[in-house]
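>>> kindly generate the corresponding structure for this input.
(chains A and B)
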Amino acid sequence: MNGERQIPNGESSAVPRSEIPHSPFPIRHYLALYAALWRNSVIRELGFKVNFLMWIVVEALWFALQLTFIGVLYLHTDHIGTWTKWQVVALIGTSHLIQQLFTALFLTNLTALSEHIRTGKLDFMLLLPVNSRFLISFRQVDLGGFVNAASALCVIGYALQRLGHAPGLAQFAGFAVLVVVGILIHYSLMLMLSATSFWTVRAQGIVWGYYNLFNIARLPDEAFRGPFKAVFTFVLPMLLVSNVPVKLLVDKLGSPLEILLLVTLAALICVASEIVWRTALKRYTSASS
Amino acid sequence: MSMSKYWHVLNIGLQNTLVYRLNFLFRATFGLIPLTATIFVWRTIYAGKADGRVGSYELAQMVSYYLVVTIVDALTAVTEDDWQIAADIKDGNISQFLLKPMDYLTYRLCLFGAGRLVYAVVALVPTVAFLWLLRADFVLPPDATTAGWFVVSVGLTALLQFLMSFTLALLAFWVLEVATFIFIAFAFEYLAGGHLFPLDILPPAVAALLDYTPFPYLTYFPVSIWLGRVPADALPHGVLVQLLWVVAAYALARLVWSRGIRKYSAVGG
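Numbering: from 1, shown residues only, chains lettered A, B, ... in the order given. The predicted structure is shown next:
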């Protein structure tokens, strides 16, 4: 933007060893490590302030675009299925919230995996005395994502106000938990897709292809039927991740089974991702020896 | 002689992009998923409408609108070219064009044409299969003359898309990171070009305002021709306006290029 040069990915994120206290409790050790990675990301972002702000503008613009789309649709109709305008706005807000939190925490890390494999940098990461999945998943934090997530929260709040609906504390808590579950689903699915880069060089394309599927998550589930609905409910649960938390928030749930389905699928996908990750890693180490 | 070297470029461009055919196939096929989702949403809206109309669109017209957008997109959308141009400037690759008897804009246009050709051929299979599935709601151009005007208009759309992206990528002469600018422009084009929905379902005042910008000529105009929504007597006038935008975009591209080169040479020595 103003004549600064991009720092190559690797150098800046090396964590000074002395800063990490060695603790007998692994969780405390990992928390300290994550704190160091965070500090690193903040310092990185501070180096490119204008760029940092510009990306927030880009994301805000695309968010506004989605809201405009819904605004124009509702000029011509007052419901999509049983979904009213402000319910759909809450849905788009929630979808944006989940997507941005995912972007903040995981996106850069997961898309970088194929590059780490291609350049051989993964070898050095595997040598570090840290859990490899932890390092692959949490290396960098994209702080802009949190700013965008905050704007999503504002939109959700405004939509609830326009609905004249004040959810109870339990609903808010359930909503928060389901948002975390949604992030976990996206993370696990995308980790599995990234892990295909152990087999093919085209994985990055597949990963971005998946990222495009986020677009489906902001649409009301009632619009869909047939095999499309089945695939995007039970295999890649795009039609559950944002729909279910919003339905909980605005009293729209058909039955509590929807929550159960979402949580069960999340658990299954998490387990599957761990299996895929271990298989892929085993393949990698054996291939180079 | 002077033309034949650009045939060469086109040829090389074809061979280079053929390498990415599998990638293109993925992209074309993945792209059908959000398209399907949009069509589902519109069907649901129409199911709740007593008169079966949104604005002046019946369901088949609305579904076809998005299908024809997909076709126009496959033929004209700029995908990698702007990134490559920006990278050429940043990495200093354009220096060689200042020495060779080859014009960088024409060179880039040839590569763009080659890329679109390969993409369109690869995307043909999944797209035609998809159209066949939705054939009940797929509207064809009303007659051969309209189809002819559509072809002309798509050609102009391709030129306009290319020239606007080219000019935007030239920002790399002045700023280091052009990605954000490209995404911001893309967002505007997505909405004002008619990607997201047909522009005439907007409030009339907004639609009229957009008419004074080049954006509707990037997608909305050729698609409207296909659907027979542009009256026959308004067609030549519309295509003329589109042509004028192309000329204007070309002049701007040349101007920005010569300014950029002046800045570039100044840095180099």
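
>>> only C-alpha atoms from now on, for both contacts and neighbour counts.
OK.

>>> what residues does the stretch 151-269 of chain B have near chain A?
For the stretch 151-269 of chain B, the contact set with chain A under C-alpha under 8 Å from any C-alpha of the partner chain comprises B:175-178, B:180, B:183-184, B:187, B:191, B:196-197, B:201-202.

>>> go again using 10 Å as the cut-off
Counting by C-alpha under 10 Å from any C-alpha of the partner chain, the residues of the stretch 151-269 of chain B close to chain A are B:172, B:174-188, B:190-191, B:196-197, B:201-203.

>>> with adjacent residues omitted, what lies nearest to residue B:253?
Counting by C-alpha to C-alpha, 6 or more residues apart in numbering or on different chains, residue B:253 lies nearest to residue B:167, which is 5.0 Å off, once chain neighbours are set aside.

>>> if you count neighbours, what's buried in the host helix or strand of the one you found?
Counting by DSSP states H and E, the element that carries residue B:167 is helix B:144-169. Residues of helix B:144-169 classed as buried: B:146-147, B:149-151, B:153-169 (neighbour count, 16 or more other C-alpha atoms under 10 Å in any protein chain shown).

>>> from the chain's centre, how far out does the longest helix seen in chain A sit?
Across chain A, the longest stretch assigned as helix under DSSP state H is helix A:257-288. Put simply, helix A:257-288 sits 16 Å off its chain's centre (C-alpha atoms, centre = their mean, to the nearest Å).

>>> which strands and helices sit next to that helix?
If you count contacts as 3 or more C-alpha pairs under 10 Å, 6 or more residues apart in numbering or on different chains; DSSP states H and E, helix A:257-288 packs onto helix A:121-127, helix A:132-138, helix A:169-195, helix A:238-241, helix A:243-249.

>>> could those be laid out in a markdown table, adding distance to residue B:40 and mean neighbour count?
Compiled in a markdown table, the helices and strands packed on helix A:257-288 are given as follows (distance: least, C-alpha to C-alpha, whole Å; neighbours: other C-alpha atoms under 10 Å in any protein chain shown):
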| stretch | distance to residue B:40 | mean neighbour count |
| --- | --- | --- |
| helix A:121-127 | 42 | 14 |
| helix A:132-138 | 35 | 17 |
| helix A:169-195 | 23 | 20 |
| helix A:238-241 | 13 | 26 |
| helix A:243-249 | 16 | 24 |
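
>>> which one of these lies closest to chain B?
Ranking the helices and strands packed on helix A:257-288 by distance to chain B, with C-alpha to the nearest C-alpha as the measure, places helix A:238-241 first at 10.7 Å.

>>> dump the closest one to PDB, restricted to CA.
The C-alpha coordinates for helix A:238-241 follow below in PDB (Å, rounded to 0.1, in the frame of the first residue of the first chain):
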ATOM      1  CA  MET A 238     -24.100 -26.300   5.200                       C
ATOM      2  CA  LEU A 239     -27.800 -26.000   5.600                       C
ATOM      3  CA  LEU A 240     -27.500 -26.700   9.400                       C
ATOM      4  CA  VAL A 241     -24.500 -24.700  10.600                       C
END
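
>>> anything in that helix near chain B?
No - Helix A:238-241 stays clear of chain B (C-alpha under 10 Å from any C-alpha), getting no nearer than 10.7 Å.

>>> neighbouring contacts of that helix?
Helix A:238-241 is touched from outside by A:94-95, A:98, A:178-186, A:213-222, A:224, A:229-234, A:246-247, A:258-259, A:261-263, A:265-266, with contacts defined as C-alpha atoms under 10 Å, 6 or more residues apart in numbering or on different chains.

>>> that one - what's its average pLDDT?
Taken as a whole, helix A:238-241 carries a mean pLDDT of 93.

>>> one more: stretch A:171-190?
pLDDT averaged over stretch A:171-190 equals 95, rounded to a whole number.

>>> touching chain B at all, it?
No - applying C-alpha under 10 Å from any C-alpha, one finds stretch A:171-190 out of contact with chain B, separated by at least 15.6 Å.

>>> distance from that stretch to the middle of the chain?
9 Å.

>>> returning to what we had before: tell me the buried residues in the longest helix of chain A?
Across helix A:257-288, burial judged by 16+ other C-alpha under 10 Å covers A:258-259, A:261-263, A:265-267, A:269-270, A:273, A:276-277, A:280-281, A:284.

>>> low-confidence bits of the stretch 51-200 of chain A, can you list those?
By pLDDT under 70, the stretch 51-200 of chain A contains no weakly predicted segment.

>>> report the buried residues of the longest helix that chain B contains.
In terms of residue count, the longest helix belonging to chain B (DSSP H) is helix B:235-268. Judged by neighbour count using 16+ other C-alpha under 10 Å, the buried positions of helix B:235-268 are B:235, B:238-239, B:242-243, B:245-246, B:249-250, B:253-254, B:256-257, B:260-261, B:264.

>>> so which of these sits lowest on pLDDT?
Note: of the buried residues of helix B:235-268, the lowest pLDDT belongs to residue B:264, at 82.

>>> angle of the host helix or strand of residue B:122 against helix B:144-169?
Assigning secondary structure by DSSP H and E places residue B:122 in helix B:104-133. Orientation note: helix B:104-133 sits at an angle of 130 degrees relative to helix B:144-169 (axes from the mean of the first three to the mean of the last three C-alpha atoms, to 10 degrees).

>>> helix B:104-133 vs helix B:235-268, what angle?
Following the same axes, to 10 degrees, one obtains 130 degrees for the angle between helix B:104-133 and helix B:235-268.

>>> elements contacting helix B:104-133?
Counting by 3+ C-alpha pairs under 10 Å, 6+ apart, the packing neighbours recorded for helix B:104-133 are helix B:4-18, helix B:21-47, helix B:59-76, helix B:81-91, helix B:95-99, helix B:144-169, helix B:235-268.

>>> go with 8 Å
Packed against helix B:104-133 by the contact rule (3 or more C-alpha pairs under 8 Å, 6 or more residues apart in numbering or on different chains; DSSP states H and E) you find helix B:4-18, helix B:21-47, helix B:59-76.

>>> out of the ones you listed, which is closest to residue A:146?
Nearest of the helices and strands packed on helix B:104-133 to residue A:146, taken as C-alpha to C-alpha: helix B:21-47 at 25.8 Å.

>>> next one: the helix or strand following the closest one to chain centre, how far?
The helix or strand immediately downstream of helix B:21-47 is strand B:53-54, counting by DSSP H and E. Once both centres are worked out by C-alpha atoms, centre = their mean, strand B:53-54 turns out to sit 27 Å from its chain's centre.

>>> now swap in stretch B:160-177 and tell me
With C-alpha atoms, centre = their mean, you get 15 Å for stretch B:160-177.

>>> residues near residue A:56, how many?
Residues lying near residue A:56 (other C-alpha atoms under 10 Å in any protein chain shown) number 17.

>>> thought it was touching residue A:146?
No - taking contacts as C-alpha atoms under 8 Å, residue A:56 lies outside contact range of residue A:146: 9.8 Å.

>>> ok, back up a step: okay, the angle between the helix holding residue B:122 and helix B:59-76?
Per the same axes, to 10 degrees, the angle that helix B:104-133 makes with helix B:59-76 is 150 degrees.

>>> pLDDT below threshold where in chain B?
B:1-2, B:266-269.

>>> go with 80
Counting by pLDDT under 80, chain B contains low-confidence ranges at B:1-3, B:18-20, B:22-23, B:265-269.

>>> from chain A, how far out is the residue nearest to residue B:253?
The spacing between residue B:167 and chain A, counted by C-alpha to the nearest C-alpha, to the nearest Å, is 17 Å.

>>> list the contacts for that residue?
With contacts defined as C-alpha atoms under 8 Å, 6 or more residues apart in numbering or on different chains, residue B:167 is in contact with B:252-253, B:256-257.

>>> wait, which of those is closest to chain A?
Within these, proximity to chain A (C-alpha to the nearest C-alpha) peaks at residue B:256, which comes in at 18.5 Å.
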